[in-house]
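A.B. asks: sequence-free structure coming up:
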Ligand code: NA7
């Protein structure tokens, strides 16, 4: 290794939710740690996705670190579901408070990481030509951080302004008087539509697949409620790890309530419609069979469409916004504020691409098989190459020079979503095969980092220098991940989602996260550690 290589115990890639805590925790354990971050600031998702209306769909008081009781008490949240700017401020505060900045290199992208068999160390290279060597490499690169290229012909020819929700400019964007086209109706599109419509002269939403979106019921966080939660934070943190999604539902924030003990298949049409009268948008999921039986799911979907018809004035727009041939529970539920209501405004319209897709972007705007639309701005809310994208974009070479993306050519294979065979001392925070995107990301990140921290301390105590998942344990885990997913709506026959990689042309179709819930996952992690890290090889 050349002389300008900087040596550390741990290199962490990414200064988002995971990377910040990884730095703090590993440093506390006595490991010298360096974080490398592509953005010019910290916060990861909450740094890049600064589009209007960007908001977390987990309540603020639960989407926060539990490692420091002082931090929990001093930080004041203002809303039940926090806006991007509040989250970005929170993560900046964390970096200040725990003196993290000195060990974070901002504005630097890791382009390659190579394991050296002889020294048992990772050599990490950046786009600035820096070289770091580390015993342990921790990829805190995020699950939704590699932007998808929408690959629409002519995209670069547009004469107006093109904006991406997942790389939004820092300077405020003024839509006043402009004709705006928005492509994509996942969470990012759904959140930004009402905000852009507030100022734009015209907003045209280009929708390929209608979403199931539920009103978030966001509101200011009352001081008394905040104090009440703060008084019970210790119990809350324990309860989070015992909850399927790591969200207990404090702050009264339950947008999608738990199902009642009634089967929709046994309900009459009057009873189903009465549920809509009573529960509104929640009615479609309020039955115990909707997420387990496809026929029941379709009956639930019809109740959702009934709500769309009740809210949307124009029948054609209502039909366009109605999901069809798409199971409820296939994709991540979307929470919104006034999304559907926005389509009742005169200057907002929907282009339902199911009736004819986008053919090209032209200098003037967007052309579809249904006609052309002249625009001043195009907003792409087209999503991410989820879970594996950020890892695939770095040349990560393990034992014998094998590239991680080649090792995963038939789908990502990891043990616990933490390690992959053939890549010693490489760890992934919230990687494929862990609850990650199906649970509260902050809780998942803390659990992973603490588990890895214990493993590193165990190795230091025993004087071992490398750890690596065994192929057998990894295969068994991947099989279990698939088996559990196969029993859910995530893999229903009519389900296409980024959980499965369906949004990326050519990506192998494999269900990526662990759908068995956080408690079962934490139990497995703890049992493996208690058994001397069963399934991992040490040398
Ligand atoms: P998503 O949920 O992946 O949504 C992307 C949207 O963009 C989705 O509606 C896509 O339609 C649409 N899309 C993508 N490419 C195109 C092209 N070429 N033409 C038309 N429409 C397109 O990403 P988000 O950023 O909204 O949310 C990601 C996650 O962040 C979300 O699940 C939350 O967990 C937070 P499709 O459905 O593929 O037909």
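C.D. replies: Received, thanks. The model shown is predicted, which means the values in this text are computed figures rather than measured ones.

A.B. asks: list the contacts for the residue in the stretch 151-300 of the chain that the ligand sits nearest to?
C.D. replies: For the stretch 151-300 of the chain, the residue closest to the ligand is residue 186, as judged by Cβ to the nearest ligand atom, at 2.1 Å. Where you see a C-beta, it was placed from the backbone N, CA and C, and this is true even at glycine. Counting by Cβ atoms under 8 Å, 6 or more residues apart in numbering, residue 186 touches 211, 331, 334, 381, 383.

A.B. asks: Ramachandran angles for it?
C.D. replies: Residue 186 adopts backbone torsions of phi -80, psi -160, taken as degrees, to the nearest 10.

A.B. asks: What helices and strands are in contact with the helix or strand where residue 181 lies?
C.D. replies: Element membership for residue 181 (DSSP states H and E) is strand 179-183. Under the contact definition 3 or more Cβ pairs under 8 Å, 6 or more residues apart in numbering; DSSP states H and E, strand 179-183 sits against helix 187-199, strand 202-207, strand 365-368, strand 377-380.

A.B. asks: ok, 7 Å please
C.D. replies: Packing partners of strand 179-183 (3 or more Cβ pairs under 7 Å, 6 or more residues apart in numbering; DSSP states H and E): helix 187-199, strand 202-207, strand 377-380.

A.B. asks: Note down every partner strand of the second one and its orientation.
C.D. replies: Partners of strand 202-207 in the sheet, by DSSP bridges, are strand 179-183 (parallel), strand 348-352 (parallel).

A.B. asks: okay, those strands, which one's buried deepest?
C.D. replies: Ranked by mean neighbour count, the strands paired with strand 202-207 are led by strand 179-183 with a mean of 25 (mean count of other Cβ atoms under 10 Å).

A.B. asks: Wondering if it reaches the ligand at all.
C.D. replies: Yes: Strand 179-183 is in contact with the ligand by Cβ under 6 Å from any ligand atom, via residue 183.

A.B. asks: now what about that strand, what contacts it?
C.D. replies: Contacts of strand 179-183 with the rest of the structure, by Cβ atoms under 7 Å, 6 or more residues apart in numbering, involve 150, 189, 192-193, 196, 200-206, 365-366, 373-382.

A.B. asks: try 6 Å
C.D. replies: Contacts with strand 179-183, where a contact means Cβ atoms under 6 Å, 6 or more residues apart in numbering, come from 189, 196, 200-206, 366, 375-380, 382.

A.B. asks: Contacting the ligand as well, which ones from these?
C.D. replies: Within these, those near the ligand by Cβ under 6 Å from any ligand atom are 189, 382.

A.B. asks: among the contacts of strand 179-183, which ones are buried?
C.D. replies: With burial judged by 16 or more other Cβ atoms under 10 Å, the buried subset of the contacts of strand 179-183 is 189, 196, 200, 202-206, 366, 375-380, 382.

A.B. asks: close enough to count as contact, residue 192 and residue 51?
C.D. replies: Yes: taking contacts as Cβ atoms under 6 Å, residue 192 lies within contact range of residue 51: 4.9 Å.

A.B. asks: and residue 360, which of the three is it?
C.D. replies: strand (DSSP: H, G, I helix; E, B strand; the rest coil).

A.B. asks: residue contacts, it?
C.D. replies: 153, 154, 367.

A.B. asks: Equivalent analysis for residue 24, please.
C.D. replies: residue 98.

A.B. asks: how about it, phi and psi?
C.D. replies: Per degrees, to the nearest 10, the backbone of residue 24 is at phi -60, psi -50.
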